[in-house]
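Asker: sequence-free structure coming up:
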């Protein structure tokens, strides 16, 4: 099976390939936010967490989620503003955001696990990928043996369609 993940979904796709090699034989990781691999992201993540706490304290979960979608979180929300107008704002969206966002810095890049990866991995960046996410993608590419790095010339769903061709 081929797994395609964007953002945190890219980390989930990679984790699935690591956890069950018989299930995932190909993984496309689009803008994986593995900021734990980037020393320069540590300070930014701390500032973003504080901003999320402040927004939630002042305006609730929805305010924290809107802060994320606005692009004001320069590390944990790098590039999120690109999707703000199409993001789910249903009743569970803000709560899901607050549950998922801690997973971004917490995902470990265990070199032994990554070296054992059997799936074909393609790490993808887009024309609109922010610099920080490009560096995170490079970190994954450098740590996964045999990985391919692709810079798509298209954004959004068109990029995924082209990749899967």
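Answerer: Noted; the coordinates are in hand. Just so it is clear, the structure is predicted and the values come from calculations on it, not from any experiment. Numbers count the residues shown, from 1 in each chain.
Asker: Got the domain ranges for this protein?
Answerer: Domain assignment for the chain by automatic domain parsing gives 2-34+107-164, 41-104.
Asker: From start to finish, how long is the first one in a straight line?
Answerer: Going back to what we said before, that points to domain 2-34+107-164. Start-to-end span of domain 2-34+107-164 (Cα to Cα, to the nearest Å) is 9 Å.
Asker: So what's the gap between that domain and the chain middle?
Answerer: 9 Å (Cα atoms, centre = their mean, to the nearest Å).
Asker: Then stretch 83-95?
Answerer: 16 Å.
Asker: if we can go back for a sec, what I need now is the domains of the chain written out in TSV, including mean pLDDT for each item.
Answerer: Shown next, in TSV, are those (pLDDT from 0 to 100):
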stretch	mean pLDDT
domain 2-34+107-164	89
domain 41-104	92
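Asker: Kindly reformat those domains as JSON lines containing mean neighbour count.
Answerer: Where C-beta positions appear, they are placed from N, C-alpha and C, glycine not excepted. Below are the domains of the chain laid out as JSON lines (neighbours: other Cβ atoms under 10 Å):
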{"stretch": "domain 2-34+107-164", "mean neighbour count": "17"}
{"stretch": "domain 41-104", "mean neighbour count": "16"}
